[in-house]
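S.K.: let's see this in three dimensions:
(2 chains)
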Amino acid sequence: MSTAVKADNLEKRYGTKKEVTHALKGVSFEVERGELFGIIGPDGAGKTSLFRILTTLLVPEGGQAQVDGYDVVEDYREIRKRVGYMPGRFSLYQDLTVEENLKFFATIFHTTVGENYDLIKDIYEQIEPFKDRKAGKLSGGMKQKLALSCALIHRPSVLFLDEPTTGVDAVSRKEFWEMLRKLKEQGITILVSTPYMDEASLCDRVALIQTGEIMSINTPEGIIRDFENPLVAVKADNMFRLLKDLQSFPGLFDSYAFGEYHHAVLQKENQQQELQAYLQEQQHESLELQQIKPDVEDCFIALMKTDS
Amino acid sequence: MKQFISFVRKEFYHIFRDPRTMFILLGMPVILVVIFGFALTNEVKNADIAVFDQSKDEATSSLIAELQASRYFNIEKRLRSYQEVEEEFKKGNIKMAVVLPPNFGSDLLHLHNAQVQLIADASDPNVANTLTNYAAAVILDFQDRITDGRNLPYTITTQFRMLYNPQLKGAYSFVPGVMAMVLMLVCTMMTAITIVREKETGTMEVLLVSPVQPMKIVTAKAVPYLLLSLINIATILMLSYFVLDVPINGSLTLLVLQSILFTVTSLALGLLISAITDSQQTAMFISLTGMFLPALMLSGFMFPIENMPTILQLLSHLVPAKWYYIIVRSVMIKGVGMEAVWKETLILSGMLLFFLFMSIKKFKIRLA
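M.R.: Presented below is the predicted three-dimensional model:
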């Protein structure tokens, strides 16, 4: 059995008859055993609902899902024994110390801190100097490490991490992904959700999700390979006028602000010269224009545009 | 089992590390007992009264001496006319006047029946009521003494006898009430809040995705509160026995067992509230207005249920605190045994089973 997680046409609705929010509109995907799988999408895309269904916390209105071969509705007890879950919000006991939290979670999973220490050693060693500190007094990055240690203490077969890097500084984020790499080497299947597109390249495969629908599932390279149109980064003194002018260019597929540049997606190859001439006609000063390789965010925006 | 103990230990950490929780759990009961025992007592000491003795014979002077001797009255004035009685009341000098009619002594001796009039300042009805009751008790004592050993009883009207609490000591009725209130507060409200807090902070989410049975999570939360309630019961009983001089006339074991029954009922109610609410505020609101206030108003401890409209009387049957209050009063003050309170015990047990059943039925094994 090589499938660790299987979601089949999952649907989730909230609210009453009058006002229904469709959080998930038929989500399907499969995660292989030992894979680091990313669910990537903006806030409100349905990531948390999806995670809660897979961790048996919510019952889907439609479709079905299996984790480790067990149904998330029928066999929820089995799943609860074998998965690790770290919710988006820091969900440990703030008034308990680091060590007390870890010991408590070890006990409720019928294990001890010593039994699986090798798995959490790398992570826990970093927060061990603070083991007598209350969890509520830890920094964001340390809280994250503690929460991950607690989610791993029973050596879960599948680890669910709901936006683990949201609200964490850049250095801690990088460290966190390194930890996930190491865990993956230990054979743990990891599902991680994130709103940060740049983290996609750190996953084995990603699913891009938007308003309850999966737009694409592929390896990060595959997703970029699927981006067929030429992409141009443009910069000029008057960025606001530049964007407006870009939008009036006849050969344009899409354009949007992207950091200090504007990205322009063109309809056909070899339109770059044409665009340059067009913009020069509008008398833009210190105009910079270069063809670039798309990243996951460009792909995401393009997929959103195609869908709508 | 190890799991369970670990849970209970964790719960104690939560309690001991939060000064506010500690205060409500252990400070509040003491404060309530002291407030209700001393400050809010309807006991009156050394009230200024006046006597209008129209008879001035041996009987009246010994009755007056007895009134003066009791620590409840201070005879401020001897009056000579009804007019003076009214004047004294108007000036606010006295709270009660004792009027002894002419020929009090001879009526008592020859007719075996004499009358005493007690006039009280009813602008404070509680004090008035208390004072007339005290006075009646003193008169009754007096009557008993002069009747002693004779065939024909002397009677003095204003007769009534007050059972169990001849001095109408406030603490006698407050202590059982405070016990009901404290246990309700600690068990129902605190348990409900602590469980709902786990929902609010998201820790419940993590606990649910673990092999622990959800029911175990909540029962483990209830255990520390049960233990702390036992401490509270002991504190209240000791305070009332040693400080407020309230006797424990019945069996202490029965009293403690009944208190445990009520504690467990309150805990089950707390579990039920926690199962149907999602925020600490809602849990607190339901516990306070839905449980605590009725316990205060409808248990019979502050206001007599007999005087309430029928609908409130019927409603009071649904308040667990009412039955516990009756049990504690009966066992502690009247000193009766199980044979007198089996009905109330049965009702409380029934409520316990109902709350338990409902909270298990309503308990969510998922988030929604």
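
S.K.: who in chain A is up against chain B?
M.R.: Neighbours of chain B within chain A, by CB under 8 Å from any CB of the partner chain: A:52, A:55-59, A:76-77, A:80-81, A:83, A:85-87, A:89-96, A:100, A:103-105, A:107-110, A:150-151. Using the backbone N, CA and C atoms, a C-beta is placed for each residue, glycine as well.

S.K.: who touches residue B:217 in this structure?
M.R.: B:7, B:204, B:207 (CB atoms under 8 Å, 6 or more residues apart in numbering or on different chains).

S.K.: how distant is the helix or strand harbouring it from the center of its chain?
M.R.: Per DSSP states H and E: residue B:217 is located in helix B:214-238. Chain-centre distance of helix B:214-238: 22 Å, with CA atoms, centre = their mean, to the nearest Å.

S.K.: mind listing what's buried in that helix?
M.R.: By 16 or more other CB atoms under 10 Å in any protein chain shown, the buried positions in helix B:214-238 come out as B:214, B:217-226, B:228-229, B:232-233, B:236-237.

S.K.: with stretch A:268-280 instead?
M.R.: Neighbour-count burial for stretch A:268-280 flags A:271-272, A:275, A:278-279 (criterion: 16+ other CB under 10 Å).

S.K.: tell me which of these fall in helices.
M.R.: A:272, A:275, A:278-279 (DSSP state H).

S.K.: looking at the stretch 51-200 of chain B, which residue is nearest chain A?
M.R.: residue B:198 (8.9 Å; CB to the nearest CB).

S.K.: residues touching the residue of the stretch 151-300 of chain B at minimum distance from chain A, list them.
M.R.: Nearest residue of the stretch 151-300 of chain B to chain A (CB to the nearest CB) works out as residue B:202 at 3.7 Å. Going by CB under 8 Å, 6+ apart, residue B:202 touches A:87, A:89-91.

S.K.: between those, which is closest to chain B?
M.R.: Nearest member of the contacts of residue B:202 to chain B, counting by CB to the nearest CB, is residue A:91, at 3.7 Å.

S.K.: centre of the chain to whatever helix or strand residue B:192 lives in, how far?
M.R.: Following DSSP H and E, one finds residue B:192 within helix B:191-201. How far helix B:191-201 lies from its chain's middle: 30 Å, per CA atoms, centre = their mean.

S.K.: ok, how many other residues are close to residue A:237?
M.R.: Neighbourhood size, residue A:237 [other CB atoms under 10 Å in any protein chain shown]: 10.

S.K.: wait, what's in contact with residue 252?
M.R.: Using chain A. A:246, A:264-267, A:275.

S.K.: switch to chain B, that's the one I care about
M.R.: So residue B:252 contacts residue B:237 (CB under 8 Å, 6+ apart).

S.K.: angles on the backbone of it, please.
M.R.: Dihedral angles of residue B:252 (phi, psi; degrees, to the nearest 10) stand at phi -70, psi -40.

S.K.: same check, this time on residue A:88
M.R.: According to degrees, to the nearest 10, residue A:88 has phi -60, psi -30.

S.K.: burial count for it?
M.R.: 17.

S.K.: wait, it touches residue A:162, no?
M.R.: Yes - counting by CB atoms under 8 Å, residue A:162 is a contact partner of residue A:88 at 4.3 Å.

S.K.: between those two, what contacts are shared?
M.R.: Joint contacts of residue A:88 and residue A:162 (CB under 8 Å, 6+ apart) are residue A:48.

S.K.: lovely, talk soon.
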